[in-house]
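> okay, here's the prediction I keep looking at, along with the sequence it came from:
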Amino acid sequence: MGGFRSSTDPVRFAGFELDPHAGELRKDGVRIRLQEQPLQILRILLEQPGRIVAREDLRQKIWPSDTFVDFDHGINNAIKRLREALGDTTETPRFIETLPRRGYRFIAPIEESPSKVRSADASLDSIAVLPFETASSDPDMDYLSIGIPGSIIHGLSQMPNLRVISWRSAASESSGQSDPLAIGRKLCVRAVLTGRIWQRANKLRLHVDLLDTTNGEEIWGDQYDSDLTELFVVQDSISREVSRNLRLKMTGEAEQRLVKRYTENIEAYQLYVRARRWLEKRSTEGFRRGVEYLRQAIEMDPAYAPAHAELAQCISVPCYYSSVDPNIAYPKARASALRALEIDPDLAEGHAVLANILHTYDWNWKVAEKEYERAIELNPNYATAHYHYSYLLAEQKRFDEAIHEAMEALSREPTSALLNAGLAFVFLLARKYDECIKQALTAIEVDPNMTLCHMVLGVAYSQTGQSAAAIEAYEKGIALGGMLAIQKACIGNVHGRSGDSAKAWKILDELEQLSRNTYVPFMASVFVFEGLGMKDLAIEALEKAYTGRETTLVFLKTWPHFDQLRQDPRFQDVERRIGLRV
């Protein structure tokens, strides 16, 4: 998927068939009544599946300049009717994706004819890279099975106009989809890369295959036998062969980016990969282990730019979870981010983590947004940049853009529990509670030990009147090592709103005891006092949170636990001071 198609061939997808010659759309053989303009839009989108079709292109083709109509109203109405015919929605699209201010994209898999072959000079513009299988149950092999594909993904992501998707084996096996071609077709990509690794002592054997999802044929395959110390050479070779066999047009600069090495130290690289795996857990232990591994990696190679950027992530992200003092963590994180950009000014990871610091600590919304945009410009396939950018947008109530960015992140790593939970979080801030609950449960299916899923689920349950389920979700998140103080406070909020003030006050006492040994944000008290209906005490605690530059202040405009305070002029004054109210 992703190339240009004949405009006269019938196109089949998910039980539908569009016959452009007859001008008909059918579902399981039954004709669906559809007006001419929605039908034309579908035909144009299906000619370029997986590609963005600009609104202006649709205007020129369907609403010529001599047609006197309100174009915005016309296209919005046509898209609405098309979605109704397909049983599709804007919030969770299966077929037509809206990209705010840009256009539309057809995202569903298309059933290709088995006899169809690709043109000899046509490039393949999308690829899924699967984890490589290992012939050993040794957990130390994990960094190879994940790290080698990760490095290849990073290299291929530098290629212009190539969509690169990461897929993780655990999710594919649990859903019964271990067939790489089936996974590739599900993800709407033109090619999949698979591999298998054998290691004996310091010797490495690696077999890789690049498969065409259109016809199931092998595009390219090879076997590499080398010493472990030659791993980077092997990765560079695979990246070059994949790009060549995808028929990507590369300049000399593009090829240099493809095989750019950030370290020559195998041990530092191994530690970096392990740290990234730990960070994704979003737990106290995960953050601690991530920092530990990255500091070791940087000690081995002080010029390892991605390790500095990832260290900045490991130090700063716990502030989002209210588990560390932001005034201690953020200055350290900033130093690491700036060091990463000093080593490599074009490192997307460095710009993304600096944006996060500008956003959540400096409250410099405009400059932070420019840094997120720069990170995405440098690497459109860097899912973390899209993920954090979606939060900034949601916190400003720019929900359509936020949902789009969260989906862009998830489209790059569909089996990431964190990115599934991130989309659920954006739905939560947008008050789309049904979609939030569904998405959070999906994240839990991917990885039940990812703490953010349970926190988001708890808030959504509490806002839909499911108090017992909310408390159960919060307690599960705490048990997994998630945000202790904030989730305790959320439980206190549930008790307060339910009229059980004794239990709410007991939570406040527990928070006080906890603060004697560890960092507890004042925002935790705000949550409980809001549940108890004690506005003055809540505002007093909010002022202390402002003085301490607590990270959760960025949610003032959208977080549901502030609903009882939002009309208070004192609350609005705090909003104004952090840049969320003009």
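Cool, got the structure. Please read these numbers as outputs of a predicted model, since none were measured by experiment. Numbers count the residues shown, from 1 in each chain.
> use CA for all of it now, contacts and neighbours both
Noted.
> pLDDT weak spots in the chain?
Flagging of the chain using pLDDT under 70 yields the residue ranges 1-9, 64-70, 112-123, 135-143, 168-178, 248-255.
> taking the centroid of it, which residue is nearest it?
residue 409 (3.0 Å; C-alpha atoms, centre = their mean).
> was I right about that residue contacting residue 389?
No: the criterion here is C-alpha atoms under 8 Å, and residue 409 misses it with residue 389 at 9.6 Å.
> what sits against the residue nearest to the centre of the chain?
If you count contacts by C-alpha atoms under 8 Å, 6 or more residues apart in numbering, residue 409 has them with 381, 382, 383, 384, 385, 386, 387, 419.
> repeat for residue 41
Listed by C-alpha under 8 Å, 6+ apart, the contact set of residue 41 reads 58, 62, 78, 79.
> just put those residues in TSV and tack on secondary structure and distance to residue 484.
Below are these laid out as TSV (DSSP: H, G, I helix; E, B strand; the rest coil; distance: C-alpha to C-alpha, whole Å):
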residue	secondary structure	distance to residue 484
58	helix	50
62	helix	55
78	helix	48
79	helix	45
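> can I get these in CSV including distance to residue 35 and neighbour count?
Formatted as CSV, the contacts of residue 41 follow (distance: C-alpha to C-alpha, whole Å; neighbours: other C-alpha atoms under 10 Å):
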residue, distance to residue 35, neighbour count
58, 16, 20
62, 13, 18
78, 8, 21
79, 11, 20
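> domains for the protein, by residue range?
11-106, 126-261, 483-582 (automatic domain parsing).
> pick out the most distant pair among the contacts of residue 41.
Greatest spacing in the contacts of residue 41, by C-alpha to C-alpha: 62 and 79 (12.6 Å).
> report how many residues lie close to the closest residue in space to residue 407 that isn't next to it in sequence.
Closest residue in space to residue 407, ignoring its immediate chain neighbours: residue 423 at 6.8 Å, by C-alpha to C-alpha, 6 or more residues apart in numbering. Counted with other C-alpha atoms under 10 Å, residues neighbouring residue 423 total 27.
> still on that earlier bit, between the contacts of residue 41, which is nearest residue 429?
residue 79 (25.6 Å).
> surely that closest one and residue 36 touch.
No: judged on C-alpha under 8 Å, residue 79 makes no contact with residue 36 at a distance of 11.7 Å.
> what do the two both touch?
By C-alpha under 8 Å, 6+ apart, no residue touches both residue 79 and residue 36.
> and the strands in this protein?
11-13, 16-19, 24-27, 30-32, 52-54, 96-99, 103-106, 126-129, 133-134, 163-166, 191-200, 203-212, 218-227 (DSSP state E).
> just put these in a markdown table and tack on mean neighbour count and distance to residue 485.
Formatted as a markdown table, the strands of the chain follow (neighbours: other C-alpha atoms under 10 Å; distance: least, C-alpha to C-alpha, whole Å):
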| stretch | mean neighbour count | distance to residue 485 |
| --- | --- | --- |
| strand 11-13 | 18 | 48 |
| strand 16-19 | 19 | 50 |
| strand 24-27 | 18 | 52 |
| strand 30-32 | 12 | 54 |
| strand 52-54 | 18 | 43 |
| strand 96-99 | 20 | 37 |
| strand 103-106 | 21 | 42 |
| strand 126-129 | 25 | 38 |
| strand 133-134 | 18 | 40 |
| strand 163-166 | 24 | 34 |
| strand 191-200 | 20 | 43 |
| strand 203-212 | 18 | 46 |
| strand 218-227 | 15 | 48 |
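> dump those to JSON lines, plus distance to residue 372.
Below are the strands of the chain laid out as JSON lines (distance: least, C-alpha to C-alpha, whole Å):
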{"stretch": "strand 11-13", "distance to residue 372": "35"}
{"stretch": "strand 16-19", "distance to residue 372": "38"}
{"stretch": "strand 24-27", "distance to residue 372": "41"}
{"stretch": "strand 30-32", "distance to residue 372": "43"}
{"stretch": "strand 52-54", "distance to residue 372": "21"}
{"stretch": "strand 96-99", "distance to residue 372": "17"}
{"stretch": "strand 103-106", "distance to residue 372": "21"}
{"stretch": "strand 126-129", "distance to residue 372": "23"}
{"stretch": "strand 133-134", "distance to residue 372": "34"}
{"stretch": "strand 163-166", "distance to residue 372": "19"}
{"stretch": "strand 191-200", "distance to residue 372": "29"}
{"stretch": "strand 203-212", "distance to residue 372": "32"}
{"stretch": "strand 218-227", "distance to residue 372": "36"}
